[in-house]
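Engineer: pasted the sequence and its predicted model underneath.
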Amino acid sequence: MSFKYEGSSTSGSFGWYFQRVTGIVLFIQVLVHFYIAHNTWDSGHDWATIVERLSNPYMRMFYLVFVALGLWHGLNGLWSVIRDYHMKPGWRKTIFGAIVVIGVFIGVLGFITMLTLPEVQ
Amino acid sequence: MRYVKHYGTWGYILHRLSGLALTGYILIHIYLVSGLHNKPGWQDEMQIFRHPLLMVLEWCLFSVVVYHSLNGIRIFLVDYFNGARYQKQLLTGVLVLSVILFFGMGAIMFL
């Protein structure tokens, strides 16, 4: 990855391509997420309802993918916006590093939440 | 950065702003959901989501998600299906559909 100022036209094609792939997957996932998790007040906010729903392993797999792709899509978008602004390479490296650290930290937190939730009593 | 503000540029600007807002939101959302490990704390915390102001904010969040999703489809059409030829009509469609879904969800949530 180059940290020179490039603007949006000549940046890496993997990020451009994967932003679209994740966008499509997230579009479907966000519809499912809204439908199952925010259909009623209880489905989104009641502890027992949520934990019972997430005791289904397929539900957990869904959310592991959702967290990973959502964070990547969001933070890649953030980096794309920042990369369009002219700044010193040192700043660009620092900001890129901060984005990666935030992404890994929140991603691991989300994974731990999903994988270590208590079973329904 | 300065933009030449054609009609379609507003779609681009709104897509960036809504994307930044959603990225901030998803970070907070994943952090808050990690609170599921503390059952009593979670139940106290969630009571604030009964407040009308929070419900209005959730309504706004829904609208931002809707706009970003619909304009995402527009971007996809522009990139892969020659949508640049009709991107202005597509943006009008995105905006009209967003407003309809905004009021539709408002009716579902508050009526």
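Structural biologist: Structure's in. What do you need?

Engineer: make it CA atoms for all contacts and neighbour counts henceforth
Structural biologist: Will do.

Engineer: list the contacts of residue 54.
Structural biologist: Going with chain A. Taking C-alpha atoms under 8 Å, 6 or more residues apart in numbering or on different chains as the definition of contact, the neighbours of residue A:54 are A:60, A:114, A:117.

Engineer: my question was about chain B
Structural biologist: Taking C-alpha under 8 Å, 6+ apart as the definition, contacts of residue B:54 comprise residue B:48.

Engineer: for it, give its distance to residue B:60.
Structural biologist: If you measure residue B:54 against residue B:60 using C-alpha to C-alpha, to the nearest Å, the figure is 10 Å.

Engineer: also residue B:102?
Structural biologist: According to C-alpha to C-alpha, residue B:102 stands 8 Å off from residue B:60.

Engineer: the more surrounded of the two?
Structural biologist: Neighbour comparison, residue B:102 and residue B:60: the larger count goes to residue B:102, with 18 against 15 (by other C-alpha atoms under 10 Å in any protein chain shown).

Engineer: least confident secondary structure element in chain A?
Structural biologist: helix A:41-45 (a mean of 79; mean pLDDT, DSSP states H and E).

Engineer: gap between it and the chain center?
Structural biologist: The offset between the C-alpha centroid of helix A:41-45 and the centroid of the whole chain comes to 22 Å, using C-alpha atoms, centre = their mean, to the nearest Å.

Engineer: go on, stretch B:87-103?
Structural biologist: Chain-centre distance of stretch B:87-103: 13 Å, with C-alpha atoms, centre = their mean.

Engineer: contacting residues for the residue nearest the centre of chain A?
Structural biologist: When chain A is reduced to its mean C-alpha position, the nearest residue by C-alpha atoms, centre = their mean turns out to be residue A:71, at 1.7 Å. When contacts are counted by C-alpha under 8 Å, 6+ apart, residue A:71 is found next to A:103, A:107, B:23, B:26, B:27.
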